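Student: got a predicted structure here, sequence first:
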2 protein chains.
Amino acid sequence: MKKKLEIDSHSIVEARERIDAFVHWTPLMRSSAINKLAGCELIFKCENFQKVGAFKARGAANAVLKLQPSQREKGVATHSSGNHAAALARAASAAGIPAYIVMPATAPEIKKRAVREYGGLIFECEPNLQAREEGLRSVVSTYGAVFIPPYDHWDVIEGQATCAYEIVESGLSLDVLMTPVGGGGLLSGTALATHFFSPETKVIGAEPEGADDAQKSFLAGKRIPLQQANSIADGLLTSLGEINFAIISRYVTDILTVSDDEIIAAMKLIYERMKLVVEPSCAVPLAVVLRNKSRFQGQQVGIILSGGNVDLARLPFR
Amino acid sequence: MKKKLEIDSHSIVEARERIDAFVHWTPLMRSSAINKLAGCELIFKCENFQKVGAFKARGAANAVLKLQPSQREKGVATHSSGNHAAALARAASAAGIPAYIVMPATAPEIKKRAVREYGGLIFECEPNLQAREEGLRSVVSTYGAVFIPPYDHWDVIEGQATCAYEIVESGLSLDVLMTPVGGGGLLSGTALATHFFSPETKVIGAEPEGADDAQKSFLAGKRIPLQQANSIADGLLTSLGEINFAIISRYVTDILTVSDDEIIAAMKLIYERMKLVVEPSCAVPLAVVLRNKSRFQGQQVGIILSGGNVDLARLPFR
C-alpha cells in the first residue's frame, strides 16, 4: 500500500475512549431462525441502535474531537444528504461548535429535519455534485470551518474502526466479519481494526450489484469510479474513497455483490425474525450470506448492521 | 377479591426457573429522544424480542410445563388466531407433545404458517366464536388434549408474571409499570408480580378507545364484556377474562385509553427512534404516556413492549 497507515491499534483504542461519551457501545444480537436458514452462526452488531441511527456517529465524533482548539471554534462543514450530515451536526453540537451542512434543496424533509434537530445549519444547493462542492467551498471560505468528508478521511475511518474493535472486545473470535460498502468508511475501518485485533478473521465487503464499483476496483487493483448507480440500498450509491480503497485492497479478503431482490428479502428477514428496523443498505451483508451459503457453512460470521434510517412510508415489503 | 389467589411470590420465581430454557430474558431499552418528548424516563422491556415475537411464549411454556405427566402425553389444545396459538404450538413442540390449534379458516396465511412451523396441528373452523368453541370441544374429546386458554388461566397468568419479575430483578425501582390490556393476561400477571416484588410501583393498563371493556369493567367494578371492538390494535380486541378481572380490579391503579391515531403516532416513534419492530397493540402504553404527560412528568415509567408480530406489508405509516 502506497499510503502510509495513519491508524494503528493504539489509535483505535484511544479513539474508542475519545468518543465514549458521544456514542453507544451497541449490543450484539442473534437469531436462531436466521441461523437455521443461513446454515451458519450469525452475530449482528446493532449500529441501527447507534446515536443518529447509524455507525456514522462514530467517525463524525472522532473527527470533531480530534480537531485542534483553533480549528474547533470555527466549526465543521460537509456536503451530504445522508447519515453523515446528521452525525456531523450532532457531534458538533455536542462539542459546542457550529456545523455547516450543504444539502441539495431536493433532499427529503426528514433528512433536513434530522440535521436541524441536532443544531446543524443547512445551506441548500442545486442537486448536483458541482453545486454541492461549490457550496462547501463557499461555506469553508466564509466561516473558516473545517471540511469533514463522509468517509475519505483518516479520523473518520479511525472512528468507524471502533465498531469492529467493540466486537473483538466482546470476546468473539469470528471466522468472517462483513459490512456493507459504499464509500468504504466502515469497511476500511473494520478491516484495520480486524487486522490489528483479530488477524485470523477474514473481512468481506457486501455491495449491491447496481453500485458495484468497490468490487470492480478491488478486482482491478485500481479505483474504478461508479458510472451510474441504481439500487434500493441508497446509502451505498457512492464511489469508494481513495484512502478507503488503499486500505480495502490490502486488508479485505473479498467483495461480494447481491441483487436488490436479495437485499429486500434479507431486509424482510431482519424485520420479521429479529424485529429490527434497518435501512436497505444494512441488509446487504445478510443477503450475501444467504446467496453464498456453502461458502459460510458452519462458520461464525459477524455482520455490522450499519443503520436504521429508513422512510417508513416506503418500505419495500409486499 | 372473591377468588383465592393461586399465585404467590414463590410460584412466580419458580415459574421463571421452569421456563428458563424456553424463553429469553429480554433486554431493557431506553430512548433519550422519546424521554425528551414524553418528559419522563421510560424503560422499555422488549418482549418483541421474545420467542415467537411476543410475551405469550411465557404463559404458554409455563402452562405446558406444569401439566401432569398423564395430561402431558395427550397434548394441549386452544382456539386462537393470534400469538397464543404460535406460543402454545412452540411450547408443546419443545416439550415433545402435540398441540391442536383450532383456527378460523379465514385467518391470515402468515399466522397459520407460524403455527405449522412450530409443529402445531391446525383444525380449521368457521370464523365465529361458536364454531371455534365447538371445534375446541371436538379436539379435546377426540384426543383428550388439555385446553390451555390464552389468558383466563392461573398458569398462563403466572407465566406472564415472569416478565415484570425480570424488570424488578434488573434492579429498577419504577414509579409506574404499564402494559397493554386485551384479555388481561399480561396486565394481571404484571400486577401480581409488582404487588409481590415492587409494591411501591403503580401498575396501569393501556387500552384502545375502540375496545375499552377493561376500563369500563374497572370503573364499574364488574366485568362488562366488549359489545363491539374496533381498533388497529388487533391483539387487544378481546374481553377481559374472569380471573384477570379479579386480579386487575384489586391490584391495578388505573386503566387509561387512547385513540387509534395516538397508537399509530406512538408506534411510529418506536420504529423511528428506537428502530424496533412492534405490533400496534404494543404501542398503546407509550401512546397513553404521551397523552397524559403531566401525570407522568419526571417519573420513571416502565413499559412492556408486548410483541412485534405485524404484517409488514400493511404498516399504518404515511
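Tutor: Received the coordinates, thanks. Residues are numbered from 1 along each chain as shown, chains lettered A, B, ... in the order given.
Student: tell me the pLDDT of A:Met1.
Tutor: Model confidence at A:Met1, given as pLDDT, is 53.
Student: correction: A:Gly135
Tutor: Model confidence at A:Gly135 (pLDDT) stands at 94.
Student: in contact with the closest residue to chain B within the stretch 1-150 of chain A, which residues?
Tutor: When distances are taken as CB to the nearest CB, the stretch 1-150 of chain A reaches nearest to chain B at A:Asn48, 4.4 Å away. Glycine gets a C-beta too; all of them are placed from N, C-alpha and C. Contacts for A:Asn48 (CB atoms under 8 Å, 6 or more residues apart in numbering or on different chains) come out as A:Ala54, A:Leu276, A:Val277, A:Val278, A:Glu279, A:Cys282, A:Leu305, A:Ser306, A:Gly307, A:Gly308, B:Lys275.
Student: can you get me a residue count around the fourth one?
Tutor: Spelled out, that is A:Val278. 26 (other CB atoms under 10 Å in any protein chain shown).
Student: you'd agree it is up against A:Ile303?
Tutor: No - A:Val278 sits out of contact with A:Ile303 when judged by CB atoms under 8 Å, with a separation of 10.6 Å.
Student: could you dump stretch A:88-101 to PDB, C-alpha only?
Tutor: The C-alpha trace of stretch A:88-101 is given here as PDB (Å, rounded to 0.1, in the frame of the first residue of the first chain):
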ATOM      1  CA  LEU A  88     -21.600  15.600  12.000                       C
ATOM      2  CA  ALA A  89     -24.300  18.000  13.100                       C
ATOM      3  CA  ARG A  90     -24.800  16.000  16.300                       C
ATOM      4  CA  ALA A  91     -21.100  15.600  17.000                       C
ATOM      5  CA  ALA A  92     -20.500  19.400  16.500                       C
ATOM      6  CA  SER A  93     -23.500  20.300  18.700                       C
ATOM      7  CA  ALA A  94     -22.200  18.000  21.500                       C
ATOM      8  CA  ALA A  95     -18.800  19.700  21.200                       C
ATOM      9  CA  GLY A  96     -20.400  23.100  21.300                       C
ATOM     10  CA  ILE A  97     -19.300  24.200  17.800                       C
ATOM     11  CA  PRO A  98     -21.200  25.100  14.600                       C
ATOM     12  CA  ALA A  99     -21.800  22.600  11.800                       C
ATOM     13  CA  TYR A 100     -22.500  23.900   8.300                       C
ATOM     14  CA  ILE A 101     -24.200  21.300   6.100                       C
END
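Student: hmm, back to that, let's see which of the contacts of A:Asn48 end up in strands.
Tutor: If you go by DSSP state E, the contacts of A:Asn48 have A:Leu305 in strands.
Student: from the contacts of A:Asn48, pick the one nearest A:Gln297.
Tutor: A:Leu305 (21.9 Å; CB to CB).
Student: per-residue confidence for that closest one?
Tutor: On the pLDDT scale, A:Leu305 gets 98.
Student: list the residues that contact it.
Tutor: A:Leu305 touches A:Phe44, A:Lys45, A:Cys46, A:Glu47, A:Asn48, A:Ile270, A:Leu276, A:Val278, A:Cys282, counting by CB under 8 Å, 6+ apart.
Student: in CSV, list the residues you listed along with pLDDT.
Tutor: Output for the contacts of A:Leu305, formatted as CSV (pLDDT from 0 to 100):
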residue, pLDDT
A:Phe44, 98
A:Lys45, 98
A:Cys46, 98
A:Glu47, 98
A:Asn48, 98
A:Ile270, 98
A:Leu276, 98
A:Val278, 97
A:Cys282, 97
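Student: I am finished for the moment; much appreciated.
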